[in-house]
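In: Predicted model, plus sequence, below.
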Amino acid sequence: MLSIGDKAPEFKLNDQDGKTVALKDFKGKKLVIYFYPKDQTPGCIKEACSFRDNIEAYTKNGISVLGVSIDGEKSHQNFISKQELNFPLLADVEKKMVNSYEVWGEKSMYGRKYMGTFRKTFLVNEAGIIDKIYDKVSVATHAEDVLKDWGHS
C-alpha cells in the first residue's frame, strides 16, 4: 500500500498528443497526479474543470497537474477540447500506472461489481516523494482543496 513518505512510482505514458511524459520530467518540481474513472462523465468533468479553473494558481506556485485515466489519446483529446482543459491527460490504456499507484480495483455500482479506476490524488514533492494522498475527493472543489493543503490559495 502506498503511503505518505514513499517514493512515487515511476511512470512513462503518452499524453493526449502522443508525447511521452515520465515522472523524471518533474524532478525538482511539485506535481499533482489525479486519477479519475472516465473521460466525459459528470464527476470527472467537475473535477477536471476545477483544475482547469485553478491552473493559473498552480502554475504561479510551480505546481504541475496531470490527470490520468485508462482512456486512450483520442478520448483525452475530445475531453480536453470539449471542456477546454489546460493541462495534460495521460492515457494509461495498458493499466500500468493505475496498478503501480494502486488505484485499480473492484468497484460496485447499483449492486453490480466491476473493475475500474478509483478517484484518487497524489501530491508528489520536488524530491519525488508522496506528500499527501487523497482517498476521498470532492470533485467540485478538489483543485482548491489541494492548493490549500500545499499552502497556496
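Out: Now that the structure is in, tell me what you want to look at.
In: Only C-alpha atoms from now on, for both contacts and neighbour counts.
Out: OK.
In: For L23, the count of nearby residues, please.
Out: 15 (other C-alpha atoms under 10 Å).
In: That one touches K12, doesn't it?
Out: Yes. Proximity of L23 to K12 meets the contact threshold set by C-alpha atoms under 8 Å, at 6.9 Å.
In: what sits up against the helix ranked longest in the chain?
Out: Determined from DSSP state H, the single longest helix within the chain is helix 42-60. Here helix 42-60 makes contact (C-alpha atoms under 8 Å, 6 or more residues apart in numbering) with 36-39, 64-65, 67, 83-87, 139-144, 147, 152-153.
In: Report the next helix or strand after that helix in sequence order.
Out: Following helix 42-60 in sequence order, the next helix or strand is strand 63-69 (DSSP states H and E).
In: so how far is that next one from its chain's centroid?
Out: Computed by C-alpha atoms, centre = their mean, to the nearest Å, the separation of strand 63-69 from the middle of its chain amounts to 4 Å.
In: Which strands or helices does that strand pack on?
Out: strand 30-35, helix 42-60, strand 89-91 (3 or more C-alpha pairs under 8 Å, 6 or more residues apart in numbering; DSSP states H and E).
In: Same list (the ones you listed) but as JSON lines, adding distance to F122 and mean neighbour count.
Out: Formatted as JSON lines, the helices and strands packed on strand 63-69 follow (distance: least, C-alpha to C-alpha, whole Å; neighbours: other C-alpha atoms under 10 Å):
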{"stretch": "strand 30-35", "distance to F122": "5", "mean neighbour count": "22"}
{"stretch": "helix 42-60", "distance to F122": "14", "mean neighbour count": "18"}
{"stretch": "strand 89-91", "distance to F122": "15", "mean neighbour count": "28"}
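In: how about these in a markdown table, adding mean pLDDT and distance to A127?
Out: Formatted as a markdown table, these follow (pLDDT from 0 to 100; distance: least, C-alpha to C-alpha, whole Å):
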| stretch | mean pLDDT | distance to A127 |
| --- | --- | --- |
| strand 30-35 | 97 | 8 |
| helix 42-60 | 95 | 18 |
| strand 89-91 | 98 | 21 |
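In: Sounds good, over and out.
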